[in-house]
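Visitor: Need the 3D shape of this:
(one chain, ligands or ions: 4)
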Amino acid sequence: RLSSTKELLANAEKEGYAVGAFNVYNLEGVEAVVTAAEEEQSPAILQMSNVGDDIISQTLEYRVLEIHPSAFKQGGIPLVACCISAAEQASVPITVHFDHGNSKEELVEVLELGFDSVMVDGSHLPLKQNTTYTRYISSLAHMKGMLVEAELGRLSGSEDDLTIEDYEARLTDVNQTAEFIDETGIDALAVCIGNVHGKYPTTGPNLRIDLLKDLYELCSKKGVYVVLHGASGLPKELVKECIVHGVRKFNVNTEVRKAYMDSLCSPKKDLVHVMTSVKEAMKAVVVEKMRLFGSAGKA
Ligand code: G3H
Ligand code: 13P
Ligand code: ZN
Ligand code: NA
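Guide: Ligands and ions are numbered 1, 2, ... in the order given. Predicted structure coming up:
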């Protein structure tokens, strides 16, 4: 059934687990998430992004095209309709979220399409402009009853060869957070604590759990939920630690996409066989994440 992201995150906060937000690109992806949620009796968030996949997942081996259109540009309104309809018909609470909205003009239009929540991504902008941009979209989205997520700091791609100074400069600054929340009125904060889109370096993720603790403390006081992008590639123990320290929404893209692509690479008999195989491959990843995030059994 169609639910609200607000309700899903409020329940997660109450019981100390996290909800998975899975990036979808087509009907098979939508069905993979919804059937996984039903089987696991888990709430879930279907999300599509308007950021090109080359930006979201910079390190995939199968990145061959120069330009990747975003899921939203690719699937458009039919894909949004597919998500909403699948959510409505599901036996568990599912919501539909717009991920990485980084263009004001586009977001204003997107707000009319029936999403329940939106990420205003002004992380490419200097703080002042990020605040102004986020506040503007936030006020419009709130008039529609949507939950608003925004990002403070800047997520790195794992290919970026960052110096220690650059790594630290991109982390969420706890000293800017209270004012950013107050001025924008956001409901959820995507934090940058060393998490990255795509793969983590072979040396493993370098997550600043101490910073997460501070951010969670501050966010809880303001009634704002903590979101972690770049959940693909995080070791299980680290995911659990993040949940203990307040993460209530994990964004998962790369691992689901990889399952799809790997499945395509094994021989198939026919088109329908291809479609069911990729769906099952994606579903297996989603199920694993729902159990890890603790949302399984919480529908
Ligand atoms: O980090 C999330 C907040 O603790 C959520 O606060 O339960 O008061 O809405 P709330
Ligand atoms: P991953 O590709 O690392 O799972 O990140 C997903 C994400 O943050 C989408 O917004
Ligand atoms: Zn993201
Ligand atoms: Na990642």
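Visitor: what's the closest non-adjacent residue to Gln129?
Guide: Gly122 (6.7 Å; C-beta to C-beta, 6 or more residues apart in numbering). In short, each C-beta sits where N, CA and C put it, glycine included.
Visitor: The one you found: what secondary structure?
Guide: What DSSP: H, G, I helix; E, B strand; the rest coil gives for Gly122 is coil.
Visitor: low-confidence ranges in the chain?
Guide: 52-69, 156-162 (pLDDT under 70).
Visitor: Residues of it that sit close to ligand 1?
Guide: Proximity of the chain to ligand 1 is confined to 10, 13, 216, 219-220, 223-226, 246 under the rule C-beta under 6 Å from any ligand atom.
Visitor: For stretch 216-223, output the C-alpha coordinates as PDB.
Guide: Below are the C-alpha coordinates for stretch 216-223, written out as PDB (Å, rounded to 0.1, in the frame of the first residue of the first chain):
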ATOM      1  CA  TYR A 216      22.500  12.300  15.000                       C
ATOM      2  CA  GLU A 217      22.400  14.000  18.400                       C
ATOM      3  CA  LEU A 218      21.800  17.300  16.700                       C
ATOM      4  CA  CYS A 219      19.300  16.000  14.200                       C
ATOM      5  CA  SER A 220      17.300  14.100  16.800                       C
ATOM      6  CA  LYS A 221      16.900  17.400  18.800                       C
ATOM      7  CA  LYS A 222      15.400  18.900  15.700                       C
ATOM      8  CA  GLY A 223      13.200  16.000  14.700                       C
END
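Visitor: distance from the centroid: which residue in the chain tops it?
Guide: Lys269 (33.7 Å; C-alpha atoms, centre = their mean).
Visitor: Quick check: the gap between that residue and ligand 4.
Guide: 33 Å (C-beta to the ion, to the nearest Å).
Visitor: Determine the number of other residues adjacent to the closest residue to ligand 4 within the stretch 151-299 of the chain.
Guide: With C-beta to the ion, the shortest gap between the stretch 151-299 of the chain and ligand 4 falls at Gly230, namely 3.6 Å. Under the neighbour criterion other C-beta atoms under 10 Å, Gly230 is assigned a count of 29.
Visitor: That one: what's it in contact with?
Guide: Residues near Gly230 by C-beta atoms under 8 Å, 6 or more residues apart in numbering: 155, 195-198, 251.
Visitor: Need the phi and psi values for it.
Guide: Dihedral pair for Gly230: phi 70, psi 30, per degrees, to the nearest 10.
Visitor: For the residue nearest to it when sequence neighbours are not counted, grab phi and psi.
Guide: Excluding its sequence neighbours, the residue lying closest to Gly230 (C-beta to C-beta, 6+ apart) is Asn195, at 4.1 Å. Backbone torsions for Asn195, taken as degrees, to the nearest 10, come to phi -70, psi 150.
Visitor: One more: Asn23?
Guide: According to degrees, to the nearest 10, Asn23 has phi -70, psi 130.
Visitor: That one is in contact with Val252, isn't it?
Guide: Yes. Asn23 sits in contact with Val252 when judged by C-beta atoms under 8 Å, with a separation of 7.1 Å.
Visitor: is ligand 3 contacted by stretch 91-109?
Guide: No. Judged by C-beta under 5 Å from the ion, stretch 91-109 stays clear of ligand 3, getting no closer than 5.7 Å.
Visitor: Report the buried residues of that stretch.
Guide: 92-102, 107 (16 or more other C-beta atoms under 10 Å).
Visitor: Turn these into TSV, columns for secondary structure.
Guide: Output for the buried residues of stretch 91-109, formatted as TSV (three-state DSSP):
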residue	secondary structure
Val92	coil
Pro93	coil
Ile94	strand
Thr95	strand
Val96	strand
His97	strand
Phe98	strand
Asp99	strand
His100	strand
Gly101	strand
Asn102	coil
Leu107	helix
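Visitor: hang on, the earlier thing: could you confirm the residue farthest from the centre of the chain falls within a strand?
Guide: No. Applying three-state DSSP, one finds Lys269 to be coil, outside a strand.
Visitor: Could you pull up the contacting residues of it?
Guide: Here Lys269 is in contact with no residue (C-beta under 8 Å, 6+ apart).
Visitor: In this structure Gln176 contacts Leu152, no?
Guide: Yes. Gln176 lies in contact with Leu152 (C-beta under 8 Å); the separation is 6.4 Å.
Visitor: So between those two, which is more surrounded?
Guide: Leu152 (25 against 14).
Visitor: quick one: contacts for the more buried one?
Guide: Taking C-beta under 8 Å, 6+ apart, one finds 123, 130, 172-173, 176-177, 180, 189-192 in contact with Leu152.
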